[in-house]
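Peer 1: sequence-free structure coming up:
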């Protein structure tokens with residue numbers, strides 16, 4: 001570039017390049033030129049193909065989402081089936097736990113037979129606990145109709161109203177599912 005009268009000289013562009021006017025970018029110029037040009041059958045075909053491509057892409061995205069949802073739903077159903085199968089296997093064992101608890105309540109403290117029954121009881125609870133079995137807390141808790149089955153209301157001033165006084169039969173949950181509600185006696189405080 002040379003200088004003429006203190007101003008820089010602008011070099012001409014070679015190979016047919018043109019400088020864009022200020023404020024315009026190449027994409028805008030191409031869009032304007034395309035809009036001004038008459039539409040040819042090739043342009044119409046390109047537009048149709050682009051629209052078809054967009055529709056196919058949209059269908060693919062929807063199918064992928066449906067597949068992911070179906071996979072998640074199947075995994076959830078399998079987990080629920082496993083839990084349900086475990087519940088079916090554990091349910092018949094609950095009366096055996098009740099019998100072991102009654103045997104422990106009546107066994108003498110220093111009896112070897114009672115110690116053996118207690119060991120069997122603890123082993124059984126441990127195995128069932130690993131499968132997800134949990135004892136429902138009852139005595140001293142507020143009565144919850146979702147977890148407790150009230151067998152009797154006992155009038156007393158020694159406990160707050162609707163507090164569980166005694167557990168007659170233990171209740172159990174398998175993970176978050178109720179297997180059997182706890183059978184309880186509930187306080188009814190006449191002061192309230």
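Peer 2: Perfect, thanks for sending it. Quantities reported herein were computed from a predicted structural model and do not represent experimental measurements.
Peer 1: against residue 169, how distant is residue 178?
Peer 2: Spatial separation of residue 178 from residue 169 under the definition C-beta to C-beta, to the nearest Å is 14 Å. Glycine gets a C-beta too; all of them are placed from N, C-alpha and C.
Peer 1: go on, residue 87?
Peer 2: When distances are taken as C-beta to C-beta, residue 87 and residue 169 turn out to be 18 Å apart.
Peer 1: the two - which one has more neighbours?
Peer 2: Remark: of residue 87 and residue 169, residue 87 carries more neighbours, 19 against 16, as counted by other C-beta atoms under 10 Å.
Peer 1: enumerate every residue touching the more buried one.
Peer 2: Applying C-beta atoms under 8 Å, 6 or more residues apart in numbering, one finds that residue 87 lies in contact with 174, 177, 179.
Peer 1: of all these, which comes closest to residue 96?
Peer 2: Checking the contacts of residue 87 against residue 96 by C-beta to C-beta gives residue 179 as the nearest, at 13.7 Å.
Peer 1: neighbours of the closest residue to residue 171 other than its chain neighbours, how many?
Peer 2: Spatial nearest neighbour of residue 171, chain neighbours left out: residue 182 (3.0 Å); criterion: C-beta to C-beta, 6 or more residues apart in numbering. Neighbour count of residue 182, defined by other C-beta under 10 Å: 24.
Peer 1: so who does residue 182 touch?
Peer 2: 136, 138, 147-149, 164, 167, 169-171.
Peer 1: closest to residue 104 among those?
Peer 2: Comparing every one of the contacts of residue 182 with residue 104 (C-beta to C-beta), the shortest separation belongs to residue 170, at 12.4 Å.
Peer 1: pull the number of nearby residues for the closest one.
Peer 2: Applying other C-beta under 10 Å, we find 18 other residues in the vicinity of residue 170.
Peer 1: quick one: contacts for it?
Peer 2: Residue 170 makes contact with 97-98, 101, 135-136, 138, 180, 182, according to C-beta under 8 Å, 6+ apart.
Peer 1: spatially central, which residue of the protein would that be?
Peer 2: The geometric centre of the chain, computed from its C-alpha atoms, lies nearest to residue 76 (C-alpha atoms, centre = their mean), at 9.0 Å.
Peer 1: doesn't that residue lie inside a strand?
Peer 2: No: residue state for residue 76 (DSSP: H, G, I helix; E, B strand; the rest coil) corresponds to helix; a strand is not indicated.
Peer 1: and it, what pLDDT?
Peer 2: Reading off the per-residue confidence, residue 76 sits at a pLDDT of 90.
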